[in-house]
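Peer 1: return atomic coordinates for the entry below.
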Amino acid sequence: MPQSSNDVYVGRYFGQHEYDVTPEAVRHYCESVGEPESLFVEKSPYDVTVAPPLMLHSDVYAYHGWYLPHIYGNLHARQEWQFFAPSMAGQKVTTNSTIVERYEKRDREYVVNEVNYFADEGRPLLRGRTHQSFLIDKERRDTVVDKNREKRSDRRFDVGEGDVIEELAGSAKEITLEMCQKFSPGKTYHNDVEAARALGFPDIVVQGMMPLCFVADMLVDRFGGGLYAGGRMDIKLVNVLWQGETVRTKGIVREIVKEGEAQRAQLQVWCEKDDGAKVVVGTASALVS
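Peer 2: Reported below is the predicted structural model:
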């Protein structure tokens with residue numbers, strides 16, 4: 001953690017990480033999100049096993065020092081992804097991290113960390129921008145977010161109206177404790193009840209990256225290489241997903257636009273609970289032949 005808020009400034013650089021893309025890493029990812037491994041092996045749009053597009057989803061959190069000091073009640077608020085090229089099993093991926101934005105909105109302050117992912121030869125693979133929010137009011141409360149908040153009228157998020165060219169739907173997934181432990185290793189508020197209560201939450205808060213992985217995998221299943229090379233996601237995390245709940249990922253293709261010799265499908269995407277409460281909502285796009 002930084003020594004003070006002044007240590008968190010735009011332009012601060014946090015160095016590099018390196019990862020090996022192995023079949024074991026692909027298998028671990030699939031187990032952590034409840035996705036069949038065949039999606040990235042037998043159904044790979046390439047001749048070899050391809051890494052899930054967000055297999056390194058939480059690398060941003062492996063860079064320490066970009067959080068504001070007051071972490072009580074902090075939440076992942078928004079995530080942007082831009083996909084340039086796939087990574088394959090057997091490759092090495094290098095990442096780097098920089099703070100690119102800091103701003104205030106209502107009762108929270110936001111820090112944006114950009115992580116860039118590169119292949120061995122320096123080719124860009126992926127860019128992610130993580131908007132993490134922190135309470136401006138530093139007074140501790142018993143509960144920062146309770147399980148009834150999403151039932152308020154101002155927490156209901158409509159996906160809007162418009163043309164429906166195609167509807168997408170992923171399978172329903174119950175978020176188990178085992179999934180949380182695999183997805184978020186180490187004792188944190190993402191896999192331990194006591195740790196969650198210490199930060200102002202009544203139960204385990206499923207890491208925000210998990211439903212984003214659900215969205216990306218749904219898009220891979222539909223668009224294949226059109227997501228890996230040229231895809232985009234811009235998602236807001238609007239309600240907390242709690243361990244033990246069930247969610248389903250959905251999408252609507254609203255428009256198909258020309259892009260050079262190709263076409264781009266523009267989508268609305270979201271994850272919702274059994275009662276219709278949205279967990280994440282946003283836009284995405286992928287190239288189509």
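
Peer 1: my read: Ser289 touches Phe223, true?
Peer 2: No. The criterion here is CB atoms under 8 Å, and Ser289 misses it with Phe223 at 9.7 Å. All C-beta atoms are positioned from the backbone trio N, CA, C, and that covers glycine.

Peer 1: between these two, who's got more neighbours?
Peer 2: Taking other CB atoms under 10 Å, Ser289 and Phe223 do not tie; Phe223 has more neighbours (23 against 9).

Peer 1: got the contact list for that one?
Peer 2: Counting by CB atoms under 8 Å, 6 or more residues apart in numbering, Phe223 makes contact with Gly231, Ala265, Ala286, Leu287, Val288.

Peer 1: next: His131.
Peer 2: His131 neighbours (CB under 8 Å, 6+ apart): His76, Ala77, Arg78, Gln79, Glu101, Tyr110, Val111, Val112.

Peer 1: one more: Arg254?
Peer 2: Counting by CB under 8 Å, 6+ apart, Arg254 has contacts Gly162, Asp163, Val164, Ile165, Gln266, Leu267, Gln268.

Peer 1: now those residues as CSV including secondary structure, pLDDT and neighbour count?
Peer 2: Converted to CSV, those look like this (DSSP: H, G, I helix; E, B strand; the rest coil; pLDDT from 0 to 100; neighbours: other CB atoms under 10 Å):
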residue, secondary structure, pLDDT, neighbour count
Gly162, coil, 86, 10
Asp163, coil, 91, 8
Val164, coil, 94, 10
Ile165, coil, 97, 13
Gln266, strand, 98, 16
Leu267, strand, 97, 26
Gln268, strand, 97, 17
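
Peer 1: now these in JSON lines, with distance to Pro45?
Peer 2: Formatted as JSON lines, the contacts of Arg254 follow (distance: CB to CB, whole Å):
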{"residue": "Gly162", "distance to Pro45": "28"}
{"residue": "Asp163", "distance to Pro45": "27"}
{"residue": "Val164", "distance to Pro45": "25"}
{"residue": "Ile165", "distance to Pro45": "21"}
{"residue": "Gln266", "distance to Pro45": "20"}
{"residue": "Leu267", "distance to Pro45": "18"}
{"residue": "Gln268", "distance to Pro45": "23"}
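
Peer 1: so where do the strands sit in the stretch 151-289 of the chain?
Peer 2: 166-169, 173-174, 232-237, 246-259, 262-273, 278-288 (DSSP state E, counting those that start in this stretch).

Peer 1: buried sites along the longest one?
Peer 2: What that stands for is strand 246-259. Within strand 246-259, the residues scored as buried using 16 or more other CB atoms under 10 Å are Val247, Arg248, Thr249, Lys250, Gly251, Ile252, Val253, Arg254.

Peer 1: what lines up beside that strand in the sheet?
Peer 2: Counting by DSSP bridges, the strands paired with strand 246-259 are strand 166-169 (antiparallel), strand 173-174 (antiparallel), strand 262-273 (antiparallel).

Peer 1: which residues pair with the residue lying closest to Val269 once chain neighbours are set aside across the strands?
Peer 2: In this structure, Val269 finds its nearest non-sequential neighbour in Gly251, 4.3 Å apart by CB to CB, 6 or more residues apart in numbering. Note on Gly251: beta-bridge partners Leu168, Val269, judged by DSSP bridges.

Peer 1: surely Gly251 meets Asp221?
Peer 2: No. Judged on CB under 8 Å, Gly251 makes no contact with Asp221 at a distance of 10.6 Å.
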